[in-house]
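Give me a 3D structure for the following:
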Amino acid sequence: MLKKRFLLVATVLFSTTIYSCKKETQELTDVDVELNNATKIIKINNTNSQGRVDLNSEGLVLNFQANAGTLNANVATDALTPAFPYQLVYKGKIAPQIGVNNNALSALEVSPYGNYYAIAYQTPGEAYGGGVDIFQLQASGTPQLVSAVSTTEADVTCLSNGNGRLYLGMDLETHEDYSLPAPSVAGIIKVEGNSLTQAQVVGLQGYSTKDIKYNESNGKLYAASANNGGISIISFTGQTATKTAFQSYGEVKSITFSNNDIIATNGYSYATFNPTTAVIGNYKHWIIPSNQEGIGSVASTSNGNFLFGNNYYLIYVDKNSNALLDQVDVAGSINSISIVNDKIYISTGSSLIVAQIENDKIKILARTHFPTVFGGGFNVLKSRVIGSTVIVACGDRGTYIFDLKKI
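Numbers count the residues shown, from 1 in each chain. I've put the predicted structure just below:
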């Protein structure tokens, strides 16, 4: 999210010149890890707190609905669908962290690691402040908070993990106080069981961090930042992280790994990047672009092709030829796409949609509509399916945990 303060900064010539000079004079390999600054920005609390775990209505069942024709068709029944014979059994909710101004933060992202799960938070609107929750599932399947991170000066906009670390994409309001080049910052935290330790920060380019992903095959971290940003590569020497490469790329939204390629996308294009130098390679336009700058989720299928979600379609694109293989109207903006085995899970507005690819065509199997059961407004920002566990991050409503039960 681009905050109003930095929109104003970007429009003032003098301020823009200051930021530009910082970028031009900064050597990529000179972004030192400031451990003292990191502990001020990333405050770790390895204590167990259950005050925000809500188990009311545990055991409530949500059925997946069959879809006739297109997803725009109204589904008149909650009947089970043989195409996806599963139910969601509600196991509890984690209410959002509370910010410094006694405001509820917004749950944006969920990342599983080992037997634990991490939730990323930001402050809605123009103010800053975020954090991370770490929870595990008890034998009953209900959530239990085990530790937390507070980032009172920074939104945590994205989150991932790998090689015993958590990786936080952050927008830091006070970046100049820490001699960092821009608001976009990568946070790195070592994981030891259910404890977090050894926080680091690495400065990026740009005003807003959109995605952060660790590549297990080469041990490097990739961060996408928009608004004067692009793709940054962070390398590790032992536990020490350093930014080693950067490539500008306009309004970048997300990163995916397709076979051995690093792919980044925005709402209208996608490109490959050298995994070590970040030099841009093939550049192509999406056949059906997004007409909203902030929408543009991407995922790679097992054969290397792309699924791209914009604000009205899910499209399936051949990686080599850029040919449009199929498109489906999902009746809402697509916030996230995750692929588990042969199933595609799509977060869009108030629904979780399940699909699969058959003969190069997208087949919608089922959907579930959360307000039907829980009431009120819903915005499913991220969904994760791990084994039989389904976790959905729903902004200021918090994070909902379900058991995916076969009927």
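
my guess is Ala226 meets Ser208, correct?
Yes - contact between Ala226 and Ser208 holds when scored by C-beta atoms under 8 Å: they sit 4.9 Å apart. Every C-beta, even on glycine, is put in place using the N, C-alpha and C of the backbone.

residue ranges of the helices in the stretch 301-407 of the chain, please?
Across the stretch 301-407 of the chain, reading from the start of the chain, the helices by DSSP state H, counting those that start in this stretch fall at 370-374.

ok, now the chain?
All helices of the chain, identified by DSSP state H, fall at 4-11, 13-25, 35-41, 370-374.

quick one: which of those helices has the weakest pLDDT on average?
Within the helices of the chain, confidence is poorest for helix 13-25, with a mean of 32 (mean pLDDT).

ok now stretch 170-190, how far from the chain's centre?
Put simply, stretch 170-190 sits 18 Å off its chain's centre (C-alpha atoms, centre = their mean, to the nearest Å).

residue ranges for the strands of the stretch 1-150 of the chain, please.
If you assign secondary structure with DSSP state E, counting those that start in this stretch, the strands in the stretch 1-150 of the chain sit at 43-45, 53-54, 61-63, 86-94, 106-113, 116-122, 130-137, 143-151.

Single out the most deeply packed of those.
strand 116-122 (a mean of 27; mean count of other C-beta atoms under 10 Å).

So which elements touch that one?
The elements that strand 116-122 packs onto, with contact taken as 3 or more C-beta pairs under 8 Å, 6 or more residues apart in numbering; DSSP states H and E, are strand 106-113, strand 130-137, strand 154-162, strand 165-172, strand 389-393.

right, and these - which one's nearest Leu314?
Go through these one by one with C-beta to C-beta and the one that ends up closest to Leu314 is strand 389-393, at 17.9 Å.

hang on, Ser336 packs against Ser347?
Yes - Ser336 is within contact range of Ser347, at 4.3 Å (criterion: C-beta under 8 Å).

Quick check: Val202 touching Val185?
Yes - counting by C-beta under 8 Å, a contact exists between Val202 and Val185, whose distance comes to 7.0 Å.

if you count what's nearby, which of the two comes out ahead?
When Val202 and Val185 are compared for neighbours, Val185 comes out ahead with 27 against 23, by other C-beta atoms under 10 Å.

about what we covered before: need the residues touching each of Ser336 and Ser347.
Jointly contacting Ser336 and Ser347 under the rule C-beta atoms under 8 Å, 6 or more residues apart in numbering are 381-383.

from those residues, which single one is nearest Glu251?
Here the nearest of the shared contacts of Ser336 and Ser347 to Glu251, counting by C-beta to C-beta, is Leu381; it sits at 19.0 Å.

Pull the number of nearby residues for the closest one.
Burial of Leu381 is recorded as 20 neighbouring residues (other C-beta under 10 Å).

What separation do you get for it and Ser235?
Here the distance between Leu381 and Ser235 works out to 30 Å (C-beta to C-beta, to the nearest Å).

Likewise for Thr244?
4 Å.

same question, Leu60
From Leu60 over to Ser235 the distance is 46 Å, taken as C-beta to C-beta.

contacting residues around Ile231?
Applying C-beta under 8 Å, 6+ apart, one finds that Ile231 lies in contact with 222-224, 246-247, 249, 252, 255, 262, 264, 273, 278.

Likewise for Gly296?
The contact partners of Gly296, by C-beta under 8 Å, 6+ apart, come to 253-254, 265-268, 290, 308-310.

7 Å instead?
253-254, 265-267, 290, 310 (C-beta atoms under 7 Å, 6 or more residues apart in numbering).

Give me the distance between it and Val385.
Here the distance between Gly296 and Val385 works out to 22 Å (C-beta to C-beta).

One more: Gly129?
When C-beta to C-beta is the yardstick, Gly129 and Val385 sit 30 Å from each other.

For this protein, which residues score under the pLDDT cut-off?
Counting by pLDDT under 70, the chain has low-confidence residues at 1-35, 67-81, 291-295.

isn't Ala186 right up against Gly203?
No - the criterion here is C-beta atoms under 7 Å, and Ala186 misses it with Gly203 at 8.0 Å.

can you tell me which residues contact Ile262?
By C-beta under 7 Å, 6+ apart, the contact set of Ile262 is 222, 272-273, 275.

so what's Leu62 closest to, chain neighbours aside?
The shortest distance from Leu62 to any non-neighbouring residue, by C-beta to C-beta, 6 or more residues apart in numbering, is to Leu88 (4.1 Å).

Next, the contact list for the one you found, please.
Each residue near Leu88 by C-beta under 7 Å, 6+ apart is listed here: 62, 368, 390, 402, 404.
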